[in-house]
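>>> my questions are about this predicted structure, shown below with the sequence.
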Amino acid sequence: MGGSWNLINWNMVTRPRINGGLGVRETRFGNISLLGKLIWHLLNSLGKLWVQMLNKKYVKNQVLVQIQNYSNSSSYCWKSIIRALQHLREGFMIRLGTGDVLIWYDKWLEFGRLASILPVVNISDTDMLKDL
């Protein structure tokens, strides 16, 4: 027997019961949500020992929300955190606070990064909002 037979379509399995499905939630979204909670702690619970350990081992002198890649030697947990961060980053928005925001590349406006919508104007790549 080479293949398997699916008795029901996966879309039917994950459809809410009220809509005639089985109401099984997709675990991928739950996993991203739980990893998002870990990311929140990495950003806000700097006094916790496990946060300090991950920051020292993986984050080093980088900004967590700007990390794009991981090395092959990274732990499975860290790789999962970075993959979830890539999904969650779309919903992030920077608070202006002290103005230490890169004008072109940080998402500080509701509609996204200025570099992706405006043509080049006379503002340096390294200018901060507080410099304007």
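That came in fine, so what should we check first?

>>> in stretch 65-73, which residues are buried?
Neighbour-count burial for stretch 65-73 flags residue 67 (criterion: 16 or more other C-beta atoms under 10 Å). In short, each C-beta sits where N, CA and C put it, glycine included.

>>> distance between the ends of it?
End-to-end distance of stretch 65-73: 20 Å, with C-alpha to C-alpha, to the nearest Å as the criterion.

>>> same question for that stretch, mean pLDDT?
Confidence for stretch 65-73, expressed as mean pLDDT, is 85.

>>> just the helices in this structure please.
Per DSSP state H, the chain has helices spanning 10-14, 27-44, 49-54, 76-88. These are given in chain order.

>>> winner for burial among those?
Between those, the one whose residues have the most neighbours on average, counting mean count of other C-beta atoms under 10 Å, is helix 76-88 (a mean of 16).

>>> quick one, domains of the chain?
What automatic domain parsing lists as the domains of the chain is 27-91, 93-132.

>>> quickly, which of these bottoms out on average pLDDT?
domain 93-132 (a mean of 67).

>>> find the residue at the geometric middle of this structure.
Of all residues in the chain, the one closest to the mean position by C-alpha atoms, centre = their mean is residue 85, 2.3 Å from it.
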